[in-house]
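> Provided below are the primary sequence and the corresponding predicted coordinates.
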Amino acid sequence: RIWNAATLDQLSITLRGHKDALNAVAFSPSGGEILTSSDDKTTKVWNTRDGQLITELKGLSNLKPSFREKTLGEVNSAIFSPNGRFVVTSSSDRKVIVGDGQRSSHGKQLTYTPARIWDWKSGKMVQSFKGFKTGVAFSIYSADGNRLLTASDGRAKDGFLNAFGQMPNASSGPTQDSTNAKIWNVKTGALMSILEGHTGALVGAAFSHDGGRVVTSDVYAVRVWNAHNGRLISTLDSDAARTPFVAFSPDDRYVLARRGGAQIELWDPDTGAALHRLQQRQSFLLAYYGPQGKEIISIGHNGAFRKT
């Protein structure tokens, strides 16, 4: 459903078409389109004015339907590029070898690309990123749109498809690669750096506005990195972790994170020192900077908004 942000009234538009649970929703920069990603393995682009479906994005269109359905995973997130021309999808695809029923030497390994960039107007994939050992939980663009950070979904999905489209040797479990973030060149698809050091699955990330740093969060810690070479700059107090939102202030002087359930903290990204603590009246789910960067908006478990 679509709501009026000013009045919170529900508009007479309902988006229908997904066959399973929704995982993420995003507006285009122009506000004219809505992006939805789902456990039904598809991403859809909708017109915000009338709710009509514009296009559906689904990977591995070159495979036979039986193989495609076995290989494709849930689409965990999807976002528009900063200029609104492209969409990046992040999914939990399986890494498979197509063979004759055994892991034979003549089996053909399919290129594993759980992060894809699409020209959403044409529905064509224009870039993919290779070198993953797990699926991708989410991806974020740098402000200039030239780099992409991908966060592993914490699960390794490996399997084998025989001639009947069966996967008898599928396995799932944590791997060394499952807690990493990677930064890629959007134009070439080349891997630029790997952010290694987290011990849990990543739940949040954000580039600084100047593109020089990136902050990541897992269930144990929040870390700040040099976005160009992947060097660790600072680690924030682990009590600030378990937060799906981390953000730089508009001037990049602070990192916003949550402590516990009802406290917002602002950190120095260079030293990892806590500078300000803002106590909320109740526990909350999300917090973010307002459009002008002069206020912080938090959303409570009961759906209430609060400006600080």
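Thanks, I have it.
> buried residues, stretch 18-32. List them.
Residues 18, 23, 24, 28 are the ones in stretch 18-32 that count as buried (16 or more other CB atoms under 10 Å). C-beta here means a position set from N, CA and C on the backbone, and glycine is covered the same way.
> for that stretch, how far is the first residue from the last?
Length of stretch 18-32, first residue to last, CA to CA, to the nearest Å: 20 Å.
> can you name the residues in contact with it?
Stretch 18-32 has contacts (CB atoms under 8 Å, 6 or more residues apart in numbering) with 33-40, 42, 44, 47-49, 74-80, 82-84, 138.
> what separates the spatially closest residue to residue 230 that is not a sequence neighbour from residue 185, distance-wise?
Take residue 230 and drop its neighbours on the chain: the residue closest to it by CB to CB, 6 or more residues apart in numbering is residue 193, 3.2 Å away. From residue 193 across to residue 185, the span is 10 Å (CB to CB, to the nearest Å).
> these two - which one has more neighbours?
Each of residue 193 and residue 185 has its neighbours counted (other CB atoms under 10 Å); residue 193 has more, 19 against 14.
> shouldn't the more buried one be in contact with residue 228?
Yes. Counting by CB atoms under 8 Å, residue 228 is a contact partner of residue 193 at 7.4 Å.
> what's the burial count for residue 119?
There are 15 residues near residue 119, going by other CB under 10 Å.
> tell me the spacing between the closest residue to it other than its chain neighbours and residue 134.
Of all residues not flanking residue 119 in the chain, residue 126 sits nearest, at 5.2 Å (CB to CB, 6+ apart). The gap separating residue 126 from residue 134 is 23 Å, by CB to CB.
> same deal with residue 272?
28 Å.
> higher neighbour count, the two?
residue 134 (28 against 17).
> pLDDT value on that one, please?
Per-residue confidence (pLDDT) for residue 134: 78.
> please apply the same query to residue 65.
What the model reports for residue 65 is a pLDDT of 60.
> same deal with the one 5 residues further on?
As predicted, residue 70 sits at a pLDDT of 58.
> ok, now residue 171?
38.
> then residue 40?
So, for residue 40, pLDDT stands at 85.
> neighbours around it, how many?
Counted with other CB under 10 Å, residue 40 comes out at 18.
> so residue 35 touches residue 44, yeah?
Yes. In this structure residue 35 lies within contact range of residue 44 using CB under 8 Å: 7.5 Å.
> the contacts of stretch 18-32 in helices, which ones?
The members of the contacts of stretch 18-32 all map outside helices under DSSP state H.
> now the buried members of these.
For these, buried by 16+ other CB under 10 Å: 33-40, 42, 44, 48, 74-80, 84, 138.
> what strand or helix carries the closest residue to residue 272 other than its chain neighbours?
Leaving aside its chain neighbours, residue 272 sits nearest to residue 234 (3.7 Å; criterion: CB to CB, 6+ apart). Element membership of residue 234, judged by DSSP states H and E, is strand 232-236.
> counting by contacts, list what the helix or strand just after that strand packs against.
Per DSSP H and E, the first helix or strand lying C-terminal to strand 232-236 is strand 247-248. With contacts defined as 3 or more CB pairs under 8 Å, 6 or more residues apart in numbering; DSSP states H and E, strand 247-248 has these neighbours: strand 202-207, strand 213-218, strand 255-259.
> swap the cut-off to 6 Å and go again
Of the remaining helices and strands, none touches strand 247-248 by 3 or more CB pairs under 6 Å, 6 or more residues apart in numbering; DSSP states H and E.
> contacts for it next, please.
206, 208, 256 (CB atoms under 6 Å, 6 or more residues apart in numbering).
> what pLDDT does the closest residue to residue 79 other than its chain neighbours get?
Sequence neighbours aside, residue 26 is the residue nearest to residue 79 in space, at 5.2 Å (criterion: CB to CB, 6+ apart). Looking at residue 26, its pLDDT is 91.
> residues contacting residue 58?
Contacts of residue 58 by CB under 6 Å, 6+ apart are residue 42.
> how many neighbours does residue 143 have?
Burial of residue 143 is recorded as 12 neighbouring residues (other CB under 10 Å).
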